[in-house]
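Visitor: Dropping a prediction and its sequence here:
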Amino acid sequence: MKFIGRNFRYLFLAAFFGAAIFVWYAVGLENRHGLLTVAFLDVGQGDAIFIDAPNGRQVLIDGGPNKKILQELAKVMPFYDRSIDMLIATHPDADHIAGLNDTLNNFNVDFIMEPGIYSDSAVYAEFKKSAEEKKIKTILAKRGMKVILDENARILILFPDRDPAKMDSNNASIVAKLVYGKNSFLLTGDSPQKVEKYLVFLDKKTLKTDVLKVGHHGSKTSTSESFLGYTDPEYAIISAGKNNRYGHPHKEVLDILEKFETKILRTDELGAITIQSDSENIMLK
């Protein structure tokens with residue numbers, strides 16, 4: 001009996017120390033040292049952007065076209081973390097929201113933001129059904145909204161500024177500016193040049209940004225010279241699938257970016273692209 005008791009005691013101590021090591025390991029992973037992390041995930045021909053604020057709040061903007069989003073999230077989130085504070089669906093096209101369905105099935109989500117344009121696709125119907133079944137609060141994006149992530153980090157909604165119900169899906173894309181201190185990221189969904197032109201009209205003095213997520217995967221329908229001139233990014237991120245059938249990114253867009261001496265980073269060439277900010281400096285991870 002003494003032998004059994006001693007073994008039990010050893011097993012208890014081993015379990016205790018194992019749990020302690022796990023806790024300290026988790027704390028170490030969660031320590032962000034005041035850094036904002038923005039990961040442009042490699043989901044193929046689609047968009048998915050993961051934002052991890054200094055205080056640990058997390059936002060996923062779009063989810064790509066399939067289950068690959070789960071593999072990509074596993075690379076940027078601790079294995080024990082099964083929650084995301086907010087999902088933002090920039091518009092209801094499958095290459096942006098199909099992966100969000102898998103995200104909803106595997107993570108606890110507090111809020112969903114979408115532009116307010118609806119689709120009759122099966123993918124969008126599943127997205128709405130999942131949100132309703134899980135009773136997730138849905139917010140319709142509107143210009144002027146602010147999503148406060150941290151004391152010094154926020155997402156500003158620049159577009160849409162009206163009811164987008166009758167707009168083309170790409171035209172209705174949510175355009176958001178993530179700001180952390182002196183640094184910013186302009187995230188454009190699939191917005192075409194006419195929306196870019198409108199944003200120049202509205203915000204020409206405040207469009208300057210460090211990082212531009214190039215619209216519509218580098219399609220020539222987006223990224224006009226005027227828009228690039230006013231945004232003047234140091235880095236341009238292109239999210240596209242390798243050898244995709246659309247030929248994204250188009251040469252016209254690459255030529256414009258090179259003309260402005262913008263550093264081009266492409267998921268089809270580099271895989272996931274992670275950028276960090278300490279509120280004053282932008283750093284490639």
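Guide: Looks like it came in fine. Numbers count the residues shown, from 1 in each chain.
Visitor: Quick check: phi and psi at Q71.
Guide: phi -60, psi -40 (degrees, to the nearest 10).
Visitor: show me what contacts the most centrally placed residue in the chain?
Guide: In the chain, the centroid-proximal residue (CA atoms, centre = their mean) is I49; its distance is 2.1 Å. Neighbouring residues of I49 by CB atoms under 8 Å, 6 or more residues apart in numbering: 38-41, 60-62, 187, 213. C-beta here means a position set from N, CA and C on the backbone, and glycine is covered the same way.
Visitor: where does it fall, phi/psi-wise?
Guide: Here I49 shows phi and psi, under degrees, to the nearest 10, equal to phi -130, psi 120.
Visitor: what does A131 give?
Guide: Residue torsions, per degrees, to the nearest 10, at A131 are phi -60, psi -40.
Visitor: didn't it look like it was pressed against T138?
Guide: Yes: applying CB atoms under 8 Å, one finds A131 in contact with T138, separated by 6.1 Å.
Visitor: So if I had to pick from those two, which one is more boxed in?
Guide: A131 (21 against 14; other CB atoms under 10 Å).
Visitor: where does the stretch 1-150 of the chain have low pLDDT?
Guide: Filtered on pLDDT under 70, the stretch 1-150 of the chain yields the residue ranges 1-31.
Visitor: The residue nearest to V43 when sequence neighbours are not counted is in what secondary structure piece?
Guide: What sits nearest to V43 in space, not counting adjacent residues and going by CB to CB, 6 or more residues apart in numbering, is G64, at 2.8 Å. For G64, there is no host helix or strand (DSSP states H and E).
Visitor: D47 is in contact with G64, correct?
Guide: Yes: if you go by CB under 8 Å, G64 and D47 touch, sitting 6.7 Å apart.
Visitor: export the contacts of I49 to a markdown table and tack on neighbour count?
Guide: Conversion of these to a markdown table gives the following (neighbours: other CB atoms under 10 Å):
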| residue | neighbour count |
| --- | --- |
| V38 | 26 |
| A39 | 22 |
| F40 | 27 |
| L41 | 29 |
| L60 | 25 |
| I61 | 27 |
| D62 | 32 |
| L187 | 29 |
| K213 | 27 |
